[in-house]
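> Predicted model and sequence follow; I will ask about them next.
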Protein chains: 2
Amino acid sequence: MTNKSTFIVADDHPLFREALIHAIGNCVEDADIIEADSLDTLQAVVEGNPEADLLLLDLNMPGVSGFSALAYIRSKHESLPTVIVSAMDDPAVIRRSIQHGASGFIPKSSAISTLEAGIRAVLDGEVWVPDGINLQDDRLDSEEAEIAAALSSLTPHQFRVLMMLGEGLLNKQIAYQLGVSEATIKAHVTAILRKMHVNNRTQAVLAVERLRTSTLPVAETDSSANAAT
Amino acid sequence: MTNKSTFIVADDHPLFREALIHAIGNCVEDADIIEADSLDTLQAVVEGNPEADLLLLDLNMPGVSGFSALAYIRSKHESLPTVIVSAMDDPAVIRRSIQHGASGFIPKSSAISTLEAGIRAVLDGEVWVPDGINLQDDRLDSEEAEIAAALSSLTPHQFRVLMMLGEGLLNKQIAYQLGVSEATIKAHVTAILRKMHVNNRTQAVLAVERLRTSTLPVAETDSSANAAT
DNA sequence: TGCCGGATTCGACTATTGGATAATGGTCAG
DNA sequence: CTGACCATTATCCAATAGTCGAATCCGGCA
């Protein structure tokens, strides 16, 4: 029992899941593999297997945007090492992944041997990123950290509803898709707005969007304000 | 008259505007310079000077997100060459700028001589981008092109309102800031939703967000897979 | 001058959203 | 078992959002 490892592979692309599973097979013997191809299944699988040894997570699953799922899952399951497997190999994305709690980042363009090396390293407790990526001192943008903290305070249902808000759905549509009454969704939305410290759904969606990918450029922050007149 | 050039410099950072103006002075004699530091002033200036020779536009002005302003202004003033001057020097951003109609892209980190070279090249009718950037065949993402097309169908007021929706403002707040009644804003919003082919403000905001910066990763399309087996 | 079309404006009406409160049932930890 | 928290639903109410029709303004243009 104790030496049988459990892996969760979350990616909406079946062929890619297969590739990942194959690579895992080369890293450990006798591994339990659980697959997820959507936010729904991912949540169910993670909740149902809190003792899993590793989560391989695609940054882009249907129903989840950018770092939201990573930040959320990490906050709920701190003992579950998570490796991001993404088509983006932008250094900024890699750094932000680690800052949001990932234990590794493996570009989808990696060679199989690289992929396996990454998995092994993380299983050994290391933080693994591609060669040439400098993690050093830079910290998570404070605004982004606040949003991540707010996300971590959400319940699983609330998180799911928030992601659906992020698709521009009406309460009524969300209620239908989740099979509950509109009143329930309204209660969730109210709770979400409170926890995210915003006043309406549009602002909640904008907050989530900031965890998507590019916190724009360098945001001139400093400077003035005077400009106005 | 005819040989006096008019330049529009749009950037919210006064010091940087000054630097740009100085560089322009080294490129042409006797130039009329008009400055803009916000979406409001930019719109006013562009509308009021349709015969300007060149627009130097920052990608990040308060009140405008990413490529929205570029796409919009280009569609309304096709004869106004526009050069993006941005702190981002990501090749993808440069390519998308050109795809959205810019005649050039000059990183803010450029040497002054480079900046001037870029301005001269564009004034000569060329398309100028930093060395090493390959513009080649790739086309604008079709979804992004649809959004840009929708933006180009908006009236100036509608565009301004849409950008304010993008900040999560209420109709009431927008009405106050623009000095009109809430009913007017509601009418604008309705028109915007129609033209953008969406059902509510949140979806409109999400569409605009897609022109912000990173059309996420490479959208799995191709590949994948092979890595496997 | 006078007409046309689009942009802008606005009020009235309806739909959706946001917020407060309350009640029920399930789960989990102490 | 009991209390704490979550999910669910309902009801009621106030605020916001969105639609429709209409008046006004404004820049061409015959």
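Yep, it's here.
> the domain parsing of chain A - what is it?
By the record's domain assignment, chain A is partitioned as A:6-123, A:142-209 (automatic domain parsing).
> neighbours around A:Asp141, how many?
Per other Cβ atoms under 10 Å in any protein chain shown, the neighbour tally for A:Asp141 reads 15. Yep, even glycine has a C-beta here, placed from its N, CA and C like the rest.
> A:Asn199 contacts A:Leu193, doesn't it?
Yes: at 6.8 Å, A:Asn199 counts as touching A:Leu193 under the criterion of Cβ atoms under 8 Å.
> the more surrounded of the two?
With neighbours defined as other Cβ under 10 Å, A:Asn199 and A:Leu193 compare such that A:Leu193 has more, 17 against 11.
> Which residue is the nearest non-sequential neighbour of the more buried one?
A:Ala204 (6.2 Å; Cβ to Cβ, 6 or more residues apart in numbering or on different chains).
> What's the separation between the one you found and DNA strand D?
Computed with Cβ to the nearest atom of the strand, to the nearest Å, the distance linking A:Ala204 and DNA strand D is 12 Å.
> Please list all residues in contact with that residue.
Counting by Cβ atoms under 8 Å, 6 or more residues apart in numbering or on different chains, A:Ala204 touches A:162, A:165, A:192-193, A:196, A:198.
> okay if I get those as JSON lines plus distance to DNA strand C, pLDDT and secondary structure?
Formatted as JSON lines, those follow (distance: Cβ to the nearest atom of the strand, whole Å; pLDDT from 0 to 100; DSSP: H, G, I helix; E, B strand; the rest coil):
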{"residue": "A:Leu162", "distance to DNA strand C": "11", "pLDDT": "95", "secondary structure": "helix"}
{"residue": "A:Leu165", "distance to DNA strand C": "8", "pLDDT": "95", "secondary structure": "helix"}
{"residue": "A:Ile192", "distance to DNA strand C": "9", "pLDDT": "95", "secondary structure": "helix"}
{"residue": "A:Leu193", "distance to DNA strand C": "4", "pLDDT": "95", "secondary structure": "helix"}
{"residue": "A:Met196", "distance to DNA strand C": "10", "pLDDT": "94", "secondary structure": "helix"}
{"residue": "A:Val198", "distance to DNA strand C": "8", "pLDDT": "95", "secondary structure": "coil"}
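> Could you tell me which of those residues count as buried?
A:162, A:165, A:192-193, A:196, A:198 (16 or more other Cβ atoms under 10 Å in any protein chain shown).
> ok, so of those residues, who is nearest B:Ile33?
Lowest distance from B:Ile33 to the buried ones among the contacts of A:Ala204 (Cβ to Cβ) belongs to A:Val198, with 40.3 Å.
> Just the endpoints, please. Distance across stretch A:67-85?
12 Å (Cα to Cα, to the nearest Å).
> Only the buried residues of that stretch, if you could.
A:67-77, A:80-85.
> which SS state does the residue nearest the centre of chain A fall under?
Centroid-nearest residue in chain A: A:Leu70, 2.1 Å away (criterion: Cα atoms, centre = their mean). Assigned with DSSP: H, G, I helix; E, B strand; the rest coil, A:Leu70 falls in the helix class.
> A:Ile94 now?
From three-state DSSP, the assignment for A:Ile94 is helix.
> quick one on the thing from earlier: just say which of the domains of chain A is most tucked in.
Highest mean neighbour count of the domains of chain A: domain A:6-123, a mean of 20 (counted as mean count of other Cβ atoms under 10 Å in any protein chain shown).
> so which helix or strand takes in the nearest residue to A:Thr82 once chain neighbours are set aside?
Residue nearest to A:Thr82 in three dimensions, not counting chain neighbours: A:Leu55, with 4.5 Å by Cβ to Cβ, 6+ apart. Per DSSP states H and E: A:Leu55 is located in strand A:54-58.
> Restricting to C-alpha, output that strand in PDB.
The C-alpha trace of strand A:54-58 is given here as PDB (Å, rounded to 0.1, in the frame of the first residue of the first chain):
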ATOM      1  CA  LEU A  54       1.500  14.500  -7.400                       C
ATOM      2  CA  LEU A  55      -0.800  16.600  -9.600                       C
ATOM      3  CA  LEU A  56       0.200  17.400 -13.100                       C
ATOM      4  CA  LEU A  57      -1.900  20.400 -14.100                       C
ATOM      5  CA  ASP A  58      -2.400  22.100 -17.400                       C
END
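> Please, where are all the strands along chain A?
A:6-10, A:32-36, A:54-58, A:82-86, A:104-107 (DSSP state E).
> who's in contact with the first one?
Contact partners of strand A:6-10, identified using Cβ under 8 Å, 6+ apart, comprise A:17, A:20-21, A:24, A:31-37, A:41-42, A:45-46, A:49, A:51-58, A:61.
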